[in-house]
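Q: task: produce atomic coordinates for the following.
(one chain, ligands or ions: 1)
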Amino acid sequence: MKHRSEVYRFGVSLEKTLIEAFDHHIEAQRYKSRSEAIRDLIREDLVRKQWTEGGTVAGAIVMTYDHHKRELVNVLLDIQHDFQETIISTQHVHLDHHHCLEIIAVKGSSKDVENLATTLKVQVGVKHLSLSISSSTE
Ligand code: NI
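A: Predicted coordinates:
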């Protein structure tokens, strides 16, 4: 990826009601400037585009599960080995006597990432799973 430090400025024309609503929104979100808020909107839209068009994405799967469920740990390990090209790293935290929290960093095609998340989510004993895509890599 090329790093570009040049900054471009451009003017945007908006209806008064829209800019007022936007300013109210970004103040609530604690943005320091409209520019930063607009940058984030553009990035989000590009990530969404990568996701919907099957491009390369990076993010994390966060899940909790009950490791006392029969065979669940082995099943989850098998699945992760099947997706070794998509998984960058896995962090495991023992929450309490029953529950584990796992954070799986992923990078790959949106199709593979979604397939991995869905395959993990449907296993009996997995209590909660969320998938967060934070960037496209292009
Ligand atoms: Ni554990």
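
Q: please count neighbours and contacts with C-alpha atoms only from this point.
A: OK.

Q: contacts for the helix or strand hosting residue 27, please.
A: For residue 27, the host element (DSSP states H and E) is helix 16-28. With C-alpha atoms under 8 Å, 6 or more residues apart in numbering as the test, helix 16-28 has contacts from 34, 37.

Q: low-confidence regions, the chain specifically.
A: Low-confidence segments of the chain (pLDDT under 70): 1-4, 136-138.

Q: what residue in it comes nearest to the ion?
A: Here the chain gets closest to the ion at one residue, residue 94, 3.7 Å apart by C-alpha to the ion.

Q: so that residue bridges to which residues?
A: Counting by DSSP bridges, residue 94 is bridged to residue 100.

Q: over to residue 87?
A: With DSSP bridges as the rule, residue 87 is bridged to residue 106.

Q: neighbours around it, how many?
A: 21 (other C-alpha atoms under 10 Å).

Q: residue 105 is in contact with that one, correct?
A: Yes. Residue 87 lies in contact with residue 105 (C-alpha atoms under 8 Å); the separation is 6.0 Å.

Q: so how far is the longest helix anywhere in the chain off the chain centroid?
A: The longest helix of the chain (DSSP state H) is helix 34-52. How far helix 34-52 lies from its chain's middle: 13 Å, per C-alpha atoms, centre = their mean, to the nearest Å.

Q: now stretch 15-23
A: 29 Å.

Q: contact residues of this protein facing the ion?
A: Contacts of the chain with the ion, taken as C-alpha under 5 Å from the ion, map to 94, 100.

Q: which is the next helix or strand following the longest helix of the chain?
A: Assigned by DSSP H and E, the successor of helix 34-52 is strand 56-66.

Q: report the inter-axis angle for that next one versus helix 34-52.
A: Comparing the axes of strand 56-66 and helix 34-52 via axes from the mean of the first three to the mean of the last three C-alpha atoms, to 10 degrees yields an angle of 80 degrees.
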